[in-house]
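Trainee: prediction below, plus the sequence it came from.
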Amino acid sequence: MTTLLTGDEKCLALLNQHPLVGMGILNVTPDSFSDGGRFSTVQTATQQAIELLNYGAHIIDVGGVSTRPGADAVSASEEWNRVFPVLEQLKEKLPQKALVSLDTSNVEVAFRAARSGLVDLINDVNAARSPAGNTEFSDSGLLPVRWTTADVAAKFRLGLVLMHMQGSPKTMQINPEYENCIEDVAGFLDERLQYARSLGVRWCAIDPGIGFGKSLDHNLALMSTEGLARLGRSGAPVLIGLSRKSFLVKIAEREGRFPAFRSQDEELLWRDLESGVWEKLCAGRGARIIRTHKMKN
């Protein structure tokens with residue numbers, strides 16, 4: 001008889017088996033910054049998930065809300081309506097070894113997905129700082145008020161990714177400032193990690209939030225050897241998500257090598273190639289999980 005592993009056990013086993021883990025991004029939103037609307041149907045989303053796995057992803061990270069700079073908030077019911085049919089299909093179609101992550105800060109959405117057994121981990125860009133309040137769903141009576149995604153992860157034995165973000169997606173890129181970016185971000189993540197563990201979360205990863213309330217120099221500092229070493233002192237796996245982000249353009253413009261593109265697909269190809277260079281650098285400096293739009297061999 002095969003013993004089914006819990007989500008947190010699957011996360012631990014995956015990191016023990018692979019020195020570098022690939023997390024494939026699956027945006028099921030109409031307005032994500034680079035692929036909005038491309039995978040907003042169940043069929044296209046499932047096809048993309050399978051393609052990501054075929055090219056080496058270990059985790060599929062499903063997101064129903066855009067967190068691009070300037071993005072507006074989305075209701076819990078709208079987010080759930082976007083992700084639920086996709087999560088349900090992935091549960092049926094993906095191989096058992098593939099892990100499914102839910103990219104959400106909404107406790108209700110996380111709770112529903114966890115209770116339905118559809119996810120192995122929660123990827124929370126707000127680091128479990130958004131407590132439940134008045135519920136939108138009639139069946140959410142079992143969700144205690146003031147719970148966060150960390151409570152959900154502990155209750156249902158899921159993994160949890162905690163990310164740093166200064167401000168909110170709507171405002172985060174308006175003149176971000178730090179006294180000491182590396183220490184400020186690492187200290188924040190240390191505190192959130194301690195909080196999650198105090199609730200009983202057994203497996204956590206941390207994400208410094210490249211592009212989430214950071215200037216180009218802040219991003220470069222966090223991805224430096226010094227930055228990744230400081231983040232790694234927590235003992236938790238460090239996740240880096242830099243794929244296709246605007247700092248790539250800023251570096252190319254600074255160096256006078258940003259090309260003119262004839263199509264969006266041509267620009268995405270360039271961004272993926274540039275992303276791959278930085279992802280390899282970060283992996284060499286200690287990152288254990290790379291969250292990306294396109295897997296690189």
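Mentor: Okay, I see it.

Trainee: let me see the contact set for residue 192.
Mentor: 127-129, 162, 206 (C-beta atoms under 8 Å, 6 or more residues apart in numbering). The way it works is simple: take the backbone N, C-alpha and C, and place the C-beta from them, glycine included.

Trainee: which pair in the residues you listed spans the largest distance?
Mentor: Farthest apart among the contacts of residue 192 by C-beta to C-beta are 129 and 206. That separation is 14.0 Å.

Trainee: between the two, which is the more surrounded one?
Mentor: residue 206 (28 against 15; other C-beta atoms under 10 Å).

Trainee: dump the residue contacts of the nearest residue to residue 243 once chain neighbours are set aside.
Mentor: What sits nearest to residue 243 in space, not counting adjacent residues and going by C-beta to C-beta, 6 or more residues apart in numbering, is residue 292, at 4.2 Å. Residues in contact with residue 292 (C-beta under 8 Å, 6+ apart) are 22-25, 241, 243, 275, 279.

Trainee: what about residue 257, how many residues nearby?
Mentor: 8.

Trainee: how close does it get to residue 270?
Mentor: 10 Å (C-beta to C-beta, to the nearest Å).

Trainee: and if you look at residue 232?
Mentor: To residue 270, residue 232 is 30 Å away according to C-beta to C-beta.

Trainee: of the contacts of residue 192, which belong to strands?
Mentor: 162, 206 (DSSP state E).

Trainee: make JSON lines out of the contacts of residue 192 and add pLDDT and distance to residue 44.
Mentor: Output for these, formatted as JSON lines (pLDDT from 0 to 100; distance: C-beta to C-beta, whole Å):
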{"residue": "127", "pLDDT": "97", "distance to residue 44": "30"}
{"residue": "128", "pLDDT": "97", "distance to residue 44": "31"}
{"residue": "129", "pLDDT": "95", "distance to residue 44": "32"}
{"residue": "162", "pLDDT": "98", "distance to residue 44": "30"}
{"residue": "206", "pLDDT": "98", "distance to residue 44": "31"}
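
Trainee: please identify which helix or strand holds the nearest residue to residue 112 once chain neighbours are set aside.
Mentor: In this structure, residue 112 finds its nearest non-sequential neighbour in residue 80, 6.2 Å apart by C-beta to C-beta, 6+ apart. Following DSSP states H and E, one finds residue 80 within helix 76-93.

Trainee: identify each buried residue in that helix, please.
Mentor: For helix 76-93, a neighbour-count test (16 or more other C-beta atoms under 10 Å) marks 76, 79-80, 82-84, 86-87, 89-90 as buried.

Trainee: which residues of the protein fall in helices?
Mentor: Applying DSSP state H to the chain gives helices spanning 7-17, 42-54, 76-93, 107-115, 149-156, 181-198, 216-222, 225-232, 246-254, 264-284.

Trainee: output the ones you listed as a markdown table; include the columns mean pLDDT.
Mentor: Listed next are these as a markdown table, based on pLDDT from 0 to 100:
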| stretch | mean pLDDT |
| --- | --- |
| helix 7-17 | 98 |
| helix 42-54 | 95 |
| helix 76-93 | 95 |
| helix 107-115 | 95 |
| helix 149-156 | 97 |
| helix 181-198 | 98 |
| helix 216-222 | 97 |
| helix 225-232 | 98 |
| helix 246-254 | 96 |
| helix 264-284 | 96 |
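
Trainee: can I get those helices in TSV including distance to residue 174?
Mentor: Formatted as TSV, the helices of the chain follow (distance: least, C-beta to C-beta, whole Å):
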stretch	distance to residue 174
helix 7-17	35
helix 42-54	32
helix 76-93	24
helix 107-115	27
helix 149-156	26
helix 181-198	16
helix 216-222	14
helix 225-232	23
helix 246-254	14
helix 264-284	23
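
Trainee: which one of those lies nearest to residue 66?
Mentor: Closest among the helices of the chain, once you apply C-beta to C-beta, is helix 76-93, at 10.5 Å.

Trainee: what's in contact with the closest one?
Mentor: Contacts for helix 76-93 (C-beta under 8 Å, 6+ apart): 26, 28-29, 40, 42, 45-46, 49-50, 60, 62-65, 100, 102, 104, 106, 108-109, 112-113, 116-119, 136-137.

Trainee: hmm, which of those residues are the buried ones?
Mentor: Buried residues within the contacts of helix 76-93, counting neighbours by 16+ other C-beta under 10 Å: 26, 28-29, 40, 42, 45-46, 49-50, 60, 62-65, 100, 102, 104, 106, 108-109, 112-113, 118-119.
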